[in-house]
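>>> I'd like to go over a predicted model; first the sequence, then the structure.
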Amino acid sequence: MSTTLWLTVAEATTYFSTRLGSSDWTAASDADKTAALTTGQWQIESCGVYDFESGITPTDAMQEAVCEQALFLLSDQEGQSKRESLQAQGVRSFTVSDFSESLAGIRGIVIAPRAHIRLSEYNLGGSNTFKFER
């Protein structure tokens, strides 16, 4: 993982103070917030979808994307683990109640949609999307 975080917990908390739907961030401990920011940044840097110049000073978009990825991780930890486990087992689709999801094989790291949007200028042109059907 990267040794230098793009933003602090305090800076992320400032971002979330005006972000509707960020109660999972507010409820998390400082240790979980730090872990979510660290893991979220590592996922963004490692997913192979974005290209950041070496030594780049983090932009607002990069910092906001890390915030969104951190919230994504805090919001659905159990669901992400289950989805990753199913993908690793080769499951291509599944249905829960009236909700079904098609998986594109083992895709690697899932990036939160809001983070992906914020990082569009750094996108290598690949796809990191998934399709939900009802």
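Structure's in. What do you need? Numbering: from 1, shown residues only.
>>> quick one, strands of the protein?
Per DSSP state E, the chain carries strands over the ranges 93-96, 99-102, 131-133.
>>> least reliable of those going by mean pLDDT?
Of all the strands of the chain, strand 131-133 carries the lowest average pLDDT, namely a mean of 38.
>>> which stretches in this protein count as helices?
9-16, 23-27, 30-46, 60-75, 77-88, 113-118 (DSSP state H).
>>> low-scoring stretches of the chain, by residue?
1-3, 77-92, 94, 96, 99-107, 126-134 (pLDDT under 70).
>>> let me see the contact set for the residue nearest to the spatial centre of it.
A centroid search over the chain (CA atoms, centre = their mean) returns Gln69, at 3.0 Å, as the residue closest to the centre. If a contact means CB atoms under 8 Å, 6 or more residues apart in numbering, then Gln69 has 40-41, 43-44, 111-112, 115 as its contacts. Placement of C-beta: from N, CA and C, glycine included.
>>> gap between it and Val110?
10 Å (CB to CB, to the nearest Å).
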